[in-house]
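Student: have a look; sequence and predicted model below, questions after that.
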Protein chains: 4
Amino acid sequence: MIKVGIIGATGYAGGELVRLLLNHRDAEIVWYGSRSYIDQKYGEVYRNMFRLVENVCRDDNLAELAEQVDVIFTATPQGFLAGVLTEEILSKVRVVDLSADYRLQDVAIYEKWYGIEHKSPQFIPEAVYGLCEINRGRITEKTRLVANPGCYTTCAILTAYPLVKEGLIDTDTLIVDAKSGTSGAGRGAKVNNLFCEVNENIKAYSVASHRHTPEIEEQLGYAAGRGVMINFTPHLVPMNRGILVTEYAKLIRKADGSLPSCEEVRAAYDKYYREERFVRVLEQGVCPETRWVEGSNYVDVNFCIDERTGRVIMMGALDNLVKGAAGQAVQNMNLLFGRPEDEGLELVPCFP
Amino acid sequence: MIKVGIIGATGYAGGELVRLLLNHRDAEIVWYGSRSYIDQKYGEVYRNMFRLVENVCRDDNLAELAEQVDVIFTATPQGFLAGVLTEEILSKVRVVDLSADYRLQDVAIYEKWYGIEHKSPQFIPEAVYGLCEINRGRITEKTRLVANPGCYTTCAILTAYPLVKEGLIDTDTLIVDAKSGTSGAGRGAKVNNLFCEVNENIKAYSVASHRHTPEIEEQLGYAAGRGVMINFTPHLVPMNRGILVTEYAKLIRKADGSLPSCEEVRAAYDKYYREERFVRVLEQGVCPETRWVEGSNYVDVNFCIDERTGRVIMMGALDNLVKGAAGQAVQNMNLLFGRPEDEGLELVPCFP
Amino acid sequence: MIKVGIIGATGYAGGELVRLLLNHRDAEIVWYGSRSYIDQKYGEVYRNMFRLVENVCRDDNLAELAEQVDVIFTATPQGFLAGVLTEEILSKVRVVDLSADYRLQDVAIYEKWYGIEHKSPQFIPEAVYGLCEINRGRITEKTRLVANPGCYTTCAILTAYPLVKEGLIDTDTLIVDAKSGTSGAGRGAKVNNLFCEVNENIKAYSVASHRHTPEIEEQLGYAAGRGVMINFTPHLVPMNRGILVTEYAKLIRKADGSLPSCEEVRAAYDKYYREERFVRVLEQGVCPETRWVEGSNYVDVNFCIDERTGRVIMMGALDNLVKGAAGQAVQNMNLLFGRPEDEGLELVPCFP
Amino acid sequence: MIKVGIIGATGYAGGELVRLLLNHRDAEIVWYGSRSYIDQKYGEVYRNMFRLVENVCRDDNLAELAEQVDVIFTATPQGFLAGVLTEEILSKVRVVDLSADYRLQDVAIYEKWYGIEHKSPQFIPEAVYGLCEINRGRITEKTRLVANPGCYTTCAILTAYPLVKEGLIDTDTLIVDAKSGTSGAGRGAKVNNLFCEVNENIKAYSVASHRHTPEIEEQLGYAAGRGVMINFTPHLVPMNRGILVTEYAKLIRKADGSLPSCEEVRAAYDKYYREERFVRVLEQGVCPETRWVEGSNYVDVNFCIDERTGRVIMMGALDNLVKGAAGQAVQNMNLLFGRPEDEGLELVPCFP
């Protein structure tokens, strides 16, 4: 039985971790950390957990926690983990970090986009970017620190990855237009996230400046074998869960000037995802929709070629709290401890 | 392994049955019946099931089905099952009926409220009303036909049952004001259920004439040991899932003229529900909310005494597709086949 | 031109006052008071007003304001106006108070239900309860202080008023089950009002303790000519605007034991509302729905008699920000200044 | 008084026309045409109109209608008007067509994208594309036939127009990612538009094949002075009203290799929109949101330059039923009859 501690257990991603781990055969949560609700019963903060969780919320003492558990999930604000992580902690416990602290290999880029100083850059090199479908081989029983990818990022990368990797698209033309449900904005009490402000509305935000941009660029850059620079525009949608990305890029024409065929593009997707448990390449002509993945760890992807413009429109959908956060974190935990990758993640999407 | 056939597999309740049974260790769906989608792949009708269900939809031949399966779920319009059920079918297979055909013992009441002739009243006496928490003892390996309760009914009955049974309230004063999500209205293409007609709106409907009324009255009548007549008013709420009932009744004063105390009322709830896996009596002062049971088989109940008016306000919440339909049907199936009652129903409510 | 000052202009009711008054031929807003946004442009707080309102928000100096305007609307927290109102202010300016400070004639009841001391009870006797359809005669060019009714209250009272006034129902049996959109909860940054907490949920709150209860009781008491005590249960619905009330009461049987007929009950509604500009008694069998009044000053009412139980179910719907707040306040202003009662309120309900 | 007939009065755009025209000083609706509801009272189909409209719905006899009214609005399916329009009708009455029948000057493109034969191409040349801000000079008291622009189109064109017209962007790189509320899908009873199918979901649809594509291309082509070919991707959002477009294009570098500055781009917007009553260029850094224009005829636009990629991200928001349909149609009517362009359109956006 894997002993688990969660720091930030009362945010939405933390709550989803609890939901998933309660149904995980090999995991037991022994520490519900939440600065805002110390000493309150967890089942009173999230009443869906009434009678399911009897624990009270505790503070976020990582050193103490490292003595008690096998793995710590940190679903905390940017900069928190970087500020408290030590070699001693890492020597005792594995850490899956749901924040951005160890996602970017270049600390300067982190400090520029996040606007904070990184307090423990010495751990960045060993951190593994936990996008299991791509980095599976590096997430092993020896890995100490996993940087769990962002929600937008997971969706944006997995949707474009095969075409970037196979050199089918011109990454200089890549544009990611993303739409997210409101749970991605967190549970903080802000006027902008009130029901009446979000309902019956759609807006773009953080245009040309959203922090997930360099994360997408870095990872797609590895796939491309060269630097990638994109436009990424997130939008807020009046729904609880779900991310949809719509991505645009010029297809690279073949020597004879023709575009890659639909079959060729599909073959690229199949090459990387045919065996994947959690990525579903949809049938031709079917667009991904967030409702079909809600509550599950699936990413649905598909594409459409526009012969007129020579562009391919790539689309992907996932549940931001599952594959975009807690589900992927559990998937990483399974890999860290040599468990079946889908343990606790056999979730059938819930509709309607 | 229990072999299962579903008639009406492409309605919302049918879809939920599929979701639940896919995660049931001892059940296997071998027949997806759907008149509207014959020969179409089930995973194309409900794309959340893509790659999870490879079957195609089939017609609703009950006789043939009886040869192939151990239990049939009928999630069909009123009158369908009554029109096709035969002794021969019942001799071969168990039936859990999610329609109202066998819920009312008095066929005259059925025909009056539903406005259709009952074609096989001979099976009514043997049908067991499948409200497991109350009728558990009668749902056994010998039961052939289970009348799975309605969604409003389950919520309305379980919320009031302990107080009616213990004689704490005057049932002549009982009023049930119910609120339901829109999945309860089904998947039929009707203008009234379009997004723009339901969204940003609340309305009452079927006032003083909703068909679940006599069902609530009959079952509470058994508990009261006398006839019960209530007002029941359903409302349509702009959300996918969930039923909330708010029930009002005069508390019966004690010999000294005083009202039953909060502790006495609570003791009644505890008496019937303390051991129940799926009924949660909330802590004092906490109102049930549909969000805390969504996706699960729980019913959350609680009450508030108004000393000023001498009334008790009882409240209950459930997920209409789970405890109000498919979940309860699976619970009944488990009882029919001697399985643990919560097999396949260990669902943690999903929030947000 | 009536010069208007608004205190609390950046709450939802304040914002709606601005929307209505911008289209009012005879009114001009000269003061946008908002403690939270002092010196900010109003059109930046509510960007729908961009280019329509150039004013900046100001503090809430009532004494200064009284020199500049003809009427002050206070859309402020309970206790605010009572704390600052003086004879001098009232001698210079009319006040329409959207808070509860002067709605209840019995200050003890106010202090009990609101839990605060009333700082200026001396003005209570002269305050007129501004439910125009009932108190129109008392809202004149001589009135100095109008207590604008609450949103739930307006809907609850107007729905039952004719039957109470005509003695058709037993007020001891009256139950008001109310459902409200979320704008009624205000624009404060609270976790409970976040999109993800309200969306896909319905709940009751303040059961047997909501502050609008004594207000309904007092006003219906005047109509009944005796004390009235009710149960009132508000519910929060995932929509922006709208209140629906469903009210239950026993009809008083006639000397021969029969119930009042549908025509007799309807005649009572017609007696009071036939000439009313803003109350629509719907056709038989049609239930009020909030969508049909959204954005307008209408109240839609109707009823259904249940012969079985001898009860009448009364229903009413309004827009909580219009007839339930700002619209009714403008209606009161029109009466105070001798303008046509519907000036600025010729709003066609906006659907969908 | 302008006498108005509406064909298709019971669709959502038709209903909005009624709402707007009821508040228009100079217009009177004398014919509510609706094939689906012939002889039913309009106020029963749209109960917001109860007591406001006493007319019954009538058939769609254009010849008869031409005798009775000054202007006909056709809010009808594609192909309807083209099938019935005659020289005789046009000689008697002005027509504002909300369908696509006369929007495209090239009939071959119409027939290809709409998949139907055009029955009266002889009227195409005289039809004026009724995008008032751009074609105002051509919509005069002599114009007989106005092709009212599509909802997506209005938003897409107005958002990019100044930059295209001024040659600031490379139109070969133009991508339009659009998001629409569900009223744009119409009031037809389709499973895909049911509440439970749309709610809690976002999806792209008609990718690379939506019919508004050639309309955008034709109009932007006029502005560019050369052919324009774009990618246009519409998405369905769980809200009633509103369209948001997010548009991407490469800025054309100046001779010295530098990008146009923020001021230069803004100057282009101001050049075309400074005097416009219904286009609001927002302040720097403020993104358009659909909530701020709801219920009004405004289009809010803004842009953001990404120095990293050399692209400009343009954004626009409007209410698809007002500026995207009925509001623009009334604006056109005002121009046709020499009335002030904003008559009946002084609508303050309604929030929340």
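Tutor: Yes, it's here.
Student: from now on I want contacts and neighbour counts done on CA atoms only, so please keep to that.
Tutor: Will do.
Student: can you give me the helices for chain A?
Tutor: For chain A, the helices defined by DSSP state H cover A:12-22, A:42-45, A:62-68, A:80-84, A:87-92, A:107-114, A:132-135, A:151-165, A:195-198, A:213-224, A:262-273, A:327-336.
Student: buried ones in stretch A:226-240?
Tutor: A:228-240 (16 or more other C-alpha atoms under 10 Å in any protein chain shown).
Student: take those and write them to CSV, including pLDDT.
Tutor: As requested, the buried residues of stretch A:226-240 are exported to CSV (pLDDT from 0 to 100):
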residue, pLDDT
A:Val228, 98
A:Met229, 98
A:Ile230, 98
A:Asn231, 98
A:Phe232, 98
A:Thr233, 98
A:Pro234, 98
A:His235, 98
A:Leu236, 98
A:Val237, 98
A:Pro238, 98
A:Met239, 98
A:Asn240, 98
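Student: filter these by proximity to chain B?
Tutor: By C-alpha under 8 Å from any C-alpha of the partner chain, the members of the buried residues of stretch A:226-240 lying near chain B are A:Asn240.
Student: who touches the residue of the stretch 51-200 of chain A found nearest chain D in this structure?
Tutor: Closest to chain D within the stretch 51-200 of chain A is A:Glu200: 4.8 Å, counting by C-alpha to the nearest C-alpha. Contacts for A:Glu200 (C-alpha atoms under 8 Å, 6 or more residues apart in numbering or on different chains) come out as A:238, D:238-241, D:290-291.
Student: with A:Asn297 instead?
Tutor: A:278, A:318-319, A:322-323, A:327-328, A:345, A:347.
Student: so how far is chain D from it?
Tutor: 16 Å (C-alpha to the nearest C-alpha, to the nearest Å).
Student: just A:Ala27 next, same as before
Tutor: From A:Ala27 to chain D the distance is 31 Å (C-alpha to the nearest C-alpha).
Student: tally up the residues packed near that residue, please.
Tutor: 21 (other C-alpha atoms under 10 Å in any protein chain shown).
Student: state the pLDDT value of it.
Tutor: Per-residue pLDDT puts A:Ala27 at 98.
Student: quickly list what it is bridged to.
Tutor: A:Ile2 (DSSP bridges).
Student: so it makes contact with A:Leu17?
Tutor: No - judged on C-alpha atoms under 8 Å, A:Ala27 makes no contact with A:Leu17 at a distance of 11.2 Å.
Student: close to chain C: what parts of chain A are there?
Tutor: Residues of chain A lying near chain C (C-alpha under 8 Å from any C-alpha): A:182-183, A:187-191, A:193-196, A:198-199, A:238-240.
Student: ok, of the residues you listed, which come out buried?
Tutor: A:182-183, A:187, A:190-191, A:193-196, A:198-199, A:238-240.
Student: relative to chain B, which of the residues you listed is nearest.
Tutor: Taking those together and measuring to chain B by C-alpha to the nearest C-alpha, the closest member is A:Asn240, at 6.3 Å.
Student: these two touch, right, A:Val56 and A:Tyr42?
Tutor: Yes - using C-alpha under 8 Å, A:Val56 is in contact with A:Tyr42, at 5.3 Å.
Student: and those two? Which one has more around it.
Tutor: Shown here are A:Val56 and A:Tyr42; by other C-alpha under 10 Å, A:Tyr42 has more neighbours (26 against 18).
Student: before we move on, the earlier item: out of the residues of chain A next to chain C, which sit inside strands?
Tutor: Counting by DSSP state E, these place none of their members in strands.
Student: run through chain A and note the low-pLDDT ranges.
Tutor: Of all residues in chain A, none has pLDDT under 70.
Student: in it, which residue sits closest to chain C?
Tutor: For chain A, C-alpha to the nearest C-alpha, closest residue to chain C: A:Phe195, 3.6 Å.
Student: excluding chain neighbours, what is closest to the residue of the stretch 201-350 of chain A found nearest chain B?
Tutor: At 4.1 Å from chain B, A:Trp292 is the closest residue in the stretch 201-350 of chain A, using C-alpha to the nearest C-alpha. Among residues not flanking A:Trp292 along the chain, B:Asn48 sits closest, at 4.1 Å (C-alpha to C-alpha, 6 or more residues apart in numbering or on different chains).
Student: quick one, what contacts the one you found?
Tutor: A:291-293, A:348-351.
Student: determine which two of those residues are furthest apart.
Tutor: Pairwise distances across the contacts of B:Asn48 peak at 11.8 Å for A:Arg291 and A:Val348 (criterion: C-alpha to C-alpha).
Student: I'm done for today, thanks for sticking with me.
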